[in-house]
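**Student:** Fold the following.
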Amino acid sequence: MSKETLLVEAKIFSDFKKLSRNCKKEAADFIAFLKVKEELEATKEIINDKDFMESIMRGDEDFEAGRFKKWSEVKEDV
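**Tutor:** Now for the predicted structure:
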């Protein structure tokens, strides 16, 4: 993390500690909203990437056809 990011986080936590209980809940709710929003944006990026979606679909087809290896077999080679 950059120094600037660390300073911003420190300020956020410092300010958060000074909030009332009700405001802390509102801040937590807003952070949860931002997290979901960011996850949805990432999902939209994946869905809009035709090559990536085709790769995912091929992977699903391979799995359904039994063309996969168990993690216990793969991790031995990692």
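**Student:** Can you name the element that comes right after the helix ranked longest in the chain?
**Tutor:** Longest helix in the chain by number of residues (criterion: DSSP state H): helix 21-48. Using DSSP states H and E, the helix or strand that follows helix 21-48 towards the C-terminus is helix 50-64.
**Student:** mind checking how far whichever helix or strand comes after that next one is from the chain centre?
**Tutor:** Downstream of helix 50-64, the first helix or strand assigned by DSSP H and E is helix 71-74. With C-alpha atoms, centre = their mean, to the nearest Å as the basis, helix 71-74 stands 25 Å off its chain's centre.
**Student:** Tell me which helix or strand in this protein has the weakest average pLDDT.
**Tutor:** helix 71-74 (a mean of 88; mean pLDDT, DSSP states H and E).
**Student:** and the gap between the residue nearest the centre of the chain and Ala32?
**Tutor:** The geometric centre of the chain, computed from its C-alpha atoms, lies nearest to Glu39 (C-alpha atoms, centre = their mean), at 5.6 Å. Relative to Ala32, Glu39 is positioned 11 Å away (criterion: C-beta to C-beta, to the nearest Å). Using the backbone N, CA and C atoms, a C-beta is placed for each residue, glycine as well.
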